[in-house]
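[1] Give me coordinates for this.
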Amino acid sequence: MVQVLSTLLHVEKGSKQPVYLQIANQLMALIRNGTLQTGYRLLSTRQLATLLKVHRRTVVQAYDELLAQGWLESHTGNGTFVAKHLPEIQSAKKDMHAEKAIMPASKAGFHFKQAPHLDRAVLRNSTRLHLDDGFPDPRLAPLDDLSRAYRSQLLGANPYARLGYGDTKGASWLREELSAYLNETRGMKTSPGNILIVRGVIMGLYLVSTALLEPGDNVVVSAPGWFGANMNFTQAGANVLRLPADEHGIDVAALEQMCQKQKIRLVYVTSHHHYPTTVALRADRRLNLLKLAEQYGFIVFEDDYDCDFHYLSKPLMPLAGADPAGMVMYCGSFTKTISPAFRIGYLVGPADVISYLAKLRRIIDRQGDQMLENAIAELLHTGVIQRHLRKSVRIYKQRRDLFCDLLRSQLGDHVTFQVPDGGMAVWTQFDPNINLVRLAQKALQKDLYMSSGTSGIPAGNAYDEPPGSAIRLGFASSNAQELEESVEIIRNLLGNL
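    Numbers count the residues shown, from 1 in each chain. Predicted structure coming up:
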């Protein structure tokens, strides 16, 4: 056995892992695979130290570690043995090819089913230039004010309360400030009890889908629409039904015909700026949608992802502000206000539903970031966010105008579009003969990110929508020079495709 151990035990004195742990882990592995059977008497600490050319105290530490974990047992005056209470493991010669095929760190030994609707590429934008999905410019964010507010939360009085567990609905101060803010800017009639703080619209969708949908329920979305919402509905086992969206938003007349034929549980809308086309839901359709919700008893999930960014006049008021029957669940976030890195969103609805959703939230995410939530509350209270929004709207409008001028003058032969009234992207229709996937790949080689017209889901996936010739080109996150350079790259690429 001495000869066997000399070939099986190795130490790397330059490793970050202490030598005694290396020895202990290797001995443990030998016991696990049956090389060292229960009751086997180990070498003395002096013998093993000599064999491995380490200090005896190192081996003593290794044995002590295994004794403490129950792998070994010591008999005073008789030596150290593999613990007898361990199950006997038959040591067998392993097929080397089979052994190489087993990689527990990368492949599970048990079977699990992978849902195809979750198979979607994760966006990690690292290019210098980007015409993205419509993201804010973090360079404009009030980071100094946010940093000071966050620091004051960390160092404020009563650390036990501030740094401990909080309300699963979210920080009470933020819900109070949000209630006042939404009532003032959205024409809503909320109290803090109507608000649940979430980590973004996607979390709000997950909670509503999980708690309020049953397998087989019918959920209506627009086509084209947002796959992130469809993923949640599919995950909940719902049937996703698509209705067309035109220049006035989702077709509410077609929705009424659908309701007459089958039971609808939920309708998902982006009423202020339809995703992805950016058009607003027309006033008559808004009224009819609320009437249908009350008549047929379906939930309206209103995703108001960029309500604050409207350039022609005051933004249209949310459906939630005109809901007479408590049918609307309203969701927004500070992702577009500040930056996607700050995961603070809000779900607004009837108090009884909010309380129920808070119970569900507790089992997947005990609470949010109370420090960040209170810091955002302070920025709302002091008016920092309101001032930031006024400044951002002015800058983003200038960028929209410049970008649309560039599209007309530089790409007019290849694209058509409508100047959006709000939002952070232009819904751009390319010539159908242009291969958008290839264009996006070529742009990436020039350090420019743009959409390829697909959702990032493998081709042929039944949950995906067929790719079209229109994409969102985001302008808000780029300054004037970056927009000019980006459009120039696209123009040059189109000339060579």
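
[2] Now for the closest residue to Leu27 other than its chain neighbours, which secondary structure element holds it?
    In space, Leu27 comes closest to Leu66 once its chain neighbours are excluded; the distance is 6.2 Å by CB to CB, 6 or more residues apart in numbering. No exception for glycine: its C-beta is placed from N, CA and C like everyone else's. Here Leu66 is covered by helix 56-69, with elements defined by DSSP states H and E.

[3] Same check on Ser6?
    Using DSSP H and E, Ser6 sits within helix 2-8.

[4] Using CSV, write out every CA atom in the helix or strand following that helix.
    Scanning forward in sequence from helix 2-8 by DSSP H and E, the next helix or strand is helix 19-32. C-alpha atoms of helix 19-32 as CSV (Å, rounded to 0.1, in the frame of the first residue of the first chain):
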residue,chain,number,x,y,z
VAL,A,19,-0.9,21.2,1.3
TYR,A,20,-2.7,19.6,4.2
LEU,A,21,-6.1,20.1,2.4
GLN,A,22,-4.6,18.6,-0.8
ILE,A,23,-3.6,15.5,1.2
ALA,A,24,-7.0,15.4,3.0
ASN,A,25,-9.0,15.8,-0.2
GLN,A,26,-7.0,13.1,-2.0
LEU,A,27,-7.4,10.6,0.9
MET,A,28,-11.1,11.4,0.9
ALA,A,29,-11.3,10.6,-2.8
LEU,A,30,-9.5,7.3,-2.3
ILE,A,31,-12.0,6.4,0.4
ARG,A,32,-14.9,7.4,-1.8
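
[5] Quick one: list the elements packing against helix 19-32.
    helix 56-69 (3 or more CB pairs under 8 Å, 6 or more residues apart in numbering; DSSP states H and E).

[6] So which elements touch the helix it packs on?
    Packing partners of helix 56-69 (3+ CB pairs under 8 Å, 6+ apart): helix 19-32, helix 45-52, strand 72-75.

[7] between those, which one is nearest to Lys359?
    With CB to CB as the criterion, Lys359 lies closest to helix 19-32 of those, at 42.0 Å.

[8] Run the chain-centre distance for the closest one.
    40 Å (CA atoms, centre = their mean, to the nearest Å).

[9] So for it, what gets flagged as buried?
    19-20, 22-24, 26-28, 30-31 (16 or more other CB atoms under 10 Å).

[10] Serialize the helices and strands packed on helix 56-69 to CSV and add fields for mean pLDDT.
    Shown next, in CSV, are the helices and strands packed on helix 56-69 (pLDDT from 0 to 100):
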stretch, mean pLDDT
helix 19-32, 90
helix 45-52, 88
strand 72-75, 88
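
[11] any chance of those in a markdown table, with distance to Ala480 too?
    As requested, the helices and strands packed on helix 56-69 are exported to a markdown table (distance: least, CB to CB, whole Å):
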| stretch | distance to Ala480 |
| --- | --- |
| helix 19-32 | 57 |
| helix 45-52 | 67 |
| strand 72-75 | 70 |
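
[12] For Asp308, find the nearest of those.
    Closest among the helices and strands packed on helix 56-69, using CB to CB: helix 19-32, at 54.1 Å.

[13] burial count for the closest residue to Leu380 other than its chain neighbours?
    Closest residue to Leu380 apart from its sequence neighbours, by CB to CB, 6+ apart: Glu177 at 4.1 Å. Residues lying near Glu177 (other CB atoms under 10 Å) number 23.

[14] Just give me the neighbour total for Gln235.
    The local packing of Gln235 (other CB under 10 Å) involves 16 other residues.

[15] I'd like to know how far the spatially closest residue to Leu411 that is not a sequence neighbour sits from Asn288.
    Take Leu411 and drop its neighbours on the chain: the residue closest to it by CB to CB, 6+ apart is Arg491, 6.0 Å away. Arg491 sits 43 Å away from Asn288 when distances are taken as CB to CB, to the nearest Å.

[16] Likewise for Glu482?
    42 Å.

[17] now swap in Arg162 and tell me
    Arg162 is 47 Å from Asn288, by CB to CB.

[18] Please apply the same query to Ile195.
    27 Å.

[19] Look at the two and report which has more neighbours.
    Taking neighbours as other CB under 10 Å, Ile195 and Asn288 compare with Ile195 leading, 25 against 15.

[20] Just to check, that one is in contact with Ile354?
    Yes - Ile195 is within contact range of Ile354, at 6.8 Å (criterion: CB atoms under 8 Å).

[21] which neighbours do these two share?
    Common neighbours of Ile195 and Ile354, counting by CB atoms under 8 Å, 6 or more residues apart in numbering, are 169, 347-348.

[22] By neighbours, which of the residues you listed wins?
    Ranked by neighbours (other CB under 10 Å), these are led by Leu347, which has 28 neighbours.

[23] next one: phi and psi at that one?
    The phi and psi torsions at Leu347 (degrees, to the nearest 10) take the values phi -110, psi 130.

[24] so what's it up against?
    195-198, 204, 207-208, 329-331, 354, 357.

[25] Let me have these in TSV, extended by distance to Asp365.
    What follows is these, written out as TSV (distance: CB to CB, whole Å):
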residue	distance to Asp365
Ile195	16
Leu196	11
Ile197	11
Val198	9
Gly204	12
Leu207	10
Val208	15
Met329	18
Tyr330	20
Cys331	16
Ile354	15
Leu357	12
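
[26] could you point out the longest strand in this structure?
    Longest strand of the chain, by residue count under DSSP state E: strand 239-246.

[27] Can you pull out the residues in contact with that strand?
    So strand 239-246 is contacted by 216-225, 230, 233-234, 250-251, 254-255, 258, 264, 274, 277, 279, 465 (CB under 8 Å, 6+ apart).

[28] In PyMOL, how would I select the buried members of these?
    Selection of buried members from those for PyMOL, criterion 16+ other CB under 10 Å:
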select buried, resi 217+218+219+220+221+222+224+225+230+233+234+250+251+255+258+264+274+277+279+465
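
[29] and the contacts of strand 239-246, which of them are in strands?
    Per DSSP E, strands hold the following members of the contacts of strand 239-246: 218-223, 250.

[30] Out of these, show me where the pLDDT dips lowest.
    Ranked by pLDDT, those bottom out at Ala223, which has 88.

[31] what's across from that residue in the sheet?
    For Ala223, the beta-bridge partners are Pro244 (DSSP bridges).
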